[in-house]
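In: Sequence plus predicted model, see below.
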Amino acid sequence: MKRVIITGATGFVGANLARRLLREGHEVHLLVRPNHAAWRIEDIRQDVRLHELQLHDAGAVTRVVSEIRPEWIFHLAAYGAYSRQIDLEQMVLTNINCTINLVNACLKTGFEAFVNTGSSSEYGFKDHAPAESDPLEPNSHYAVTKAAATMFCRYTAQSRRVHLPTLRLYSVFGPYEDPGRLLPALILRGLKGELPPLADPNVARDFVYVDDVVEACLLAARVRTREWGAIYNVGTGVATTLREVVNVVRRVMNIGAEPVWNTMPNRSWDTKVWVSDNRKICSELHWQYRNNFEAGFRLMLDWFRQGPPSGPAGKSSEPAA
């Protein structure tokens, strides 16, 4: 059993990670901001230890971390991944300052593993699947701040000789995802025999199921390599276009409605080439994704049909692609 801190546990990746850690018998502490959205963690509230604080308050972070003395830390808190999150100061505060505060607090107590989560957007537009050693060309303020946090973590790991890897996540999907994002929107409308507005059918992403991402987080914590501050791409290595996604959804859900393309605008960072080079994580951490897109979608659909907790449905304005 490990004492574990998770930030960003009210987000959907963190909520899935928290449940996996609880199933394995770990002592799970969630660092959440005041007035957090609690719907993803309501059914595990009695099983975790909740700490309300602002991560940009260095003193508060230091106090809480010194009380917990975590062995593992999973840092998933982020701002700017949604197109509605446009406040640059908040991006800098959350993605850079809060990361620095948390890392510094954990260095004071010591730890076995601190797993930072980065973003595939750090690479910017590429015409190929970028390896972790490829130059970064961030294509948004969000990507700039995530790249800065990754570089801070890498330098800290190298200079202090601590186990502080970063996982660059591609397009994660699965249970507890925001209802307005692509897959939940397709499912919610598909259950009515409809399709939502859709963007360019040729937009491509590397979709990776959340359970596989959680497995990558745990492997990153457990497995030490010779490289301090290693960075790993977490994706399937398979590019799936929006057209292919909709074809799978229509077939699996038996939807007769025809897609109407380009009825939603593309996001500024959308591209026809967005796919991971995952050879490093496969060879060094022995990670393999278990669910291709269709398998992951079927699992997610089953979860919806079982009656998931009611989230903020209808409040998101995220485009379908």
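Out: Yep, it's here. Since this is a predicted model, take the numbers as computed values, not measurements. Residues are numbered from 1 along each chain as shown.

In: which stretches of this structure form helices?
Out: 12-23, 58-68, 88-91, 98-109, 141-160, 182-190, 210-222, 242-253, 279-284, 293-305 (DSSP state H).

In: Please list all residues in contact with the closest residue to Ala37 other than its chain neighbours.
Out: Using Cβ to Cβ, 6 or more residues apart in numbering and skipping the chain neighbours, the partner closest in space to Ala37 is Thr10 (5.4 Å). For the C-beta atoms, the positions are set from N, CA and C on the backbone; glycine is no exception. Contact partners of Thr10, counting by Cβ atoms under 8 Å, 6 or more residues apart in numbering, are 30, 32, 36-38, 40-41.

In: hmm, try it at 6 Å
Out: 32, 36-37, 40 (Cβ atoms under 6 Å, 6 or more residues apart in numbering).

In: what's the neighbour count on the residue nearest to Val260 when sequence neighbours are not counted?
Out: Nearest non-adjacent residue to Val260, counting by Cβ to Cβ, 6+ apart: Leu198, 6.5 Å away. The tally of other residues near Leu198 (other Cβ atoms under 10 Å) stands at 23.

In: about what we covered before: now the residue nearest to Ala37: how far from Leu299?
Out: 22 Å (Cβ to Cβ, to the nearest Å).

In: How about Gln306?
Out: On the measure of Cβ to Cβ, Gln306 and Leu299 end up 11 Å apart.

In: Same check on Gly193?
Out: 21 Å.

In: now stretch 270-288, how far from the centre of its chain.
Out: In this view, stretch 270-288 has its centroid 15 Å away from the chain centroid, taken as Cα atoms, centre = their mean, to the nearest Å.

In: Endpoints of that stretch, how far apart?
Out: 26 Å (Cα to Cα, to the nearest Å).

In: just to revisit the earlier point, what's the residue nearest to Val260 in contact with, if anything?
Out: 259, 261, 263-264, 320.

In: and which of the residues you listed is nearest to Tyr232?
Out: Tyr232 has its nearest neighbour among the contacts of Leu198 in Ala320, at 28.9 Å by Cβ to Cβ.

In: The closest residue to Ile68 other than its chain neighbours: neighbouring residues, count only.
Out: Of all residues not flanking Ile68 in the chain, His29 sits nearest, at 5.2 Å (Cβ to Cβ, 6+ apart). Using other Cβ under 10 Å, His29 has 22 neighbouring residues.

In: Residues in a beta bridge with His29, which ones?
Out: Ile5, Arg49 (DSSP bridges).
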